[in-house]
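Trainee: Give me a model of this one.
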Amino acid sequence: MSNKIFLYIGAGILLLIGLCLFGYGILNVIGSTSSQGDASWLGFGIGFAIVGGLFLGGGILLVVKGQAQGQAGGGDVTYKIDLPGQTKVEQIKCRNCGGSLKADNVKMIAGAPTVECPFCGTVYQMTEEPKW
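Mentor: As a prediction, the model looks like this:
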């Protein structure tokens, strides 16, 4: 399993515990400050609210770290294509202006080959014509 998954699991646990502790602390603070109630539980409630807030902050920090790790760890993907023995390589031309395109103009975006023409700036997804 990747490190990112562990960060999200830990964040979920911390957020759940923090939410419970924070809510319990706030309810104790509200209950202990009534006009007829005893104020001796006030410190207890504030303590729970502070600890719950720390747990919530830790959970949020783990979520942010997981998001940052997901963006930084993208990396390059190399596709290897096995072509049949009688493959004929043709010149690729832009659909819009007809300019000659190079392999550097083709990039994989979301798993689909996408072309950006250096002459007219047109960006489009490549499609493979049927072979029959």
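Trainee: Name the nearest residue to Gly53, ignoring sequence neighbours.
Mentor: Nearest non-adjacent residue to Gly53, counting by C-beta to C-beta, 6 or more residues apart in numbering: Phe22, 5.8 Å away. In this view, the C-beta of every residue, glycine as well, is placed from N, C-alpha and C.
Trainee: Identify each buried residue in the strand or helix carrying that neighbour, please.
Mentor: In the assignment (DSSP states H and E), Phe22 maps to helix 3-32. Using 16 or more other C-beta atoms under 10 Å as the test for burial, helix 3-32 gives 7-8, 10-11, 14-15, 17-18, 21-22, 24-25, 28-29, 32.
Trainee: rewinding a little: wait, doesn't the residue nearest to Gly53 sit right on Gly57?
Mentor: No. With contact defined as C-beta atoms under 8 Å, Phe22 does not reach Gly57; the gap is 10.4 Å.
Trainee: re the thing from before, give the other helices and strands that the helix holding Phe22 contacts.
Mentor: On a contact count with 3 or more C-beta pairs under 8 Å, 6 or more residues apart in numbering; DSSP states H and E, helix 3-32 meets helix 42-72.
Trainee: got the angle for the helix it packs on vs helix 3-32?
Mentor: Helix 42-72 and helix 3-32 are oriented at 160 degrees to each other (axes from the mean of the first three to the mean of the last three C-alpha atoms, to 10 degrees).
Trainee: and the very next helix or strand once past helix 42-72, average pLDDT?
Mentor: Using DSSP H and E, the helix or strand that follows helix 42-72 in sequence is strand 92-93. Strand 92-93 shows a mean pLDDT of 80.
Trainee: let's number from 28 now, not from 1
Mentor: New numbering, starting at 28: the last item is strand 119-120.
Trainee: Quick check: next helix or strand after strand 119-120?
Mentor: Per DSSP H and E, strand 119-120 leads on to strand 127-128 as the next helix or strand towards the C-terminus.
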